[in-house]
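> missing the sequence, but the structure's below:
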Ligand SMILES: O=P(O)(O)OC[C@H]1O[C@H](OP(=O)(O)OP(=O)(O)O)[C@H](O)[C@@H]1O
Ligand SMILES: O=c1cc[nH]c(=O)[nH]1
Ligand SMILES: [Mg+2]
């Protein structure tokens, strides 16, 4: 699967281990999700296009590179994806933010959509879809199906913890989407939770356990 990149930076691995700890409280958990968002965003955005622009320094006028093209669109999958938004905005403050609301049915594990608002126009933007958890892959696939149906063409997906089953399914369903994972864990359990994982990311970010 050459559209999948697993992070290797020790700071990301360290912070993921802190997230996994069941004794990590809501406040610290939320801070860690945001910090990992920054670190992963730095990796995932390393191919942003540049163009030379003229800038006057105190010494002379020069041509110097700046990010080119239409503004980035960040699309968190609600709720848990919201935790990563500020991390990406710290890197690209001018990014537009769309939202896709999905929840997983507890029995079937199928995603159900309840909200969607994307920045317009979407077709010329690089779109970065955020969700800390990629489990069966159903939510990520549904979100990306939806973005493509609305004209999205250039899409990256970022998750902090992924299950091999979800990575494989997402990579096969959307081979054009670059997938960034903080860590690919061992497997899903019978309830479609990631093992060892970190539990329910949304509940831990928002303190709703
Ligand atoms: O890959 P999947 O099997 O689809 O599972 C992953 C989804 O499950 C979680 O959301 P959840 O339904 O718990 O909603 P929440 O973010 O509101 O807690 C998670 O944040 C993903 O969106
Ligand atoms: O392990 C999992 C699987 C889905 N959603 C979560 O928040 N955690
Ligand atoms: Mg949840």
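Here it is on my side, so go on. Keep in mind the model is a prediction, meaning the values are calculated, not measured. Ligands and ions are numbered 1, 2, ... in the order given.
> Which helix in the chain has the most residues?
As assigned by DSSP state H, the longest helix anywhere in the chain is helix 26-44.
> what sits up against whichever helix or strand comes after that helix?
Of the helices and strands lying after helix 26-44 in sequence (DSSP states H and E), the nearest is strand 50-56. For strand 50-56, contacts defined as Cβ atoms under 8 Å, 6 or more residues apart in numbering pick out 61, 62, 63, 64, 65, 66, 67, 68. From N, CA and C alone the C-beta is placed, and that goes for glycine too.
> Stretch 200-209 too?
In contact with stretch 200-209 (Cβ under 8 Å, 6+ apart) are residues 24, 26, 29-30, 33, 79-80, 82-83, 132-133, 160-161, 193, 198-199.
> number of nearby residues for the residue in the chain positioned nearest to ligand 3?
Nearest residue of the chain to ligand 3, counting by Cβ to the ion: residue 202, 3.2 Å away. Neighbour count for residue 202, taken as other Cβ atoms under 10 Å: 21.
> With residue 44 instead?
21.
> ok, the closest residue to ligand 1 within the chain to ligand 2 distance?
Closest contact between the chain and ligand 1, by Cβ to the nearest ligand atom, is at residue 202 (2.2 Å). According to Cβ to the nearest ligand atom, to the nearest Å, residue 202 stands 6 Å off from ligand 2.
> what does this structure put close to ligand 3?
200, 202 (Cβ under 5 Å from the ion).
> Please enumerate the strands of the chain.
4-6, 50-56, 61-67, 73-78, 96-97, 99-104, 111-117, 126-130, 133-134, 154-162, 178-184, 187-188, 194-195 (DSSP state E).
> Which pLDDT value belongs to the closest residue to residue 83 other than its chain neighbours?
Nearest non-adjacent residue to residue 83, counting by Cβ to Cβ, 6 or more residues apart in numbering: residue 33, 3.9 Å away. The confidence metric pLDDT takes the value 98 at residue 33.
> And residue 44, by the same measure?
For residue 44, pLDDT reads 97.
> Residue 1 now?
For residue 1, pLDDT reads 77.
> is it true that it touches residue 164?
No - Residue 1 is beyond contact range of residue 164, at 10.0 Å (criterion: Cβ atoms under 8 Å).
> Which of those two has more residues huddled nearby?
residue 164 (15 against 11).
> neighbours of the closest residue to that one other than its chain neighbours, just the number please.
Nearest non-adjacent residue to residue 164, counting by Cβ to Cβ, 6+ apart: residue 184, 5.8 Å away. Counted with other Cβ under 10 Å, residues neighbouring residue 184 total 19.
> Quick check: bridge partners of residue 184?
Residue 184 has these beta-bridge partners by DSSP bridges: residue 162.
> Tell me who's in contact with it.
Counting by Cβ under 8 Å, 6+ apart, residue 184 has contacts 6, 162, 163, 164, 167.
> Briefly note if the longest helix of the chain comes near ligand 1.
No - residues of helix 26-44 contacting ligand 1 under Cβ under 6 Å from any ligand atom: none, with a closest distance of 10.9 Å.
> Now that helix: buried residues?
29-30, 32-41, 44 (16 or more other Cβ atoms under 10 Å).
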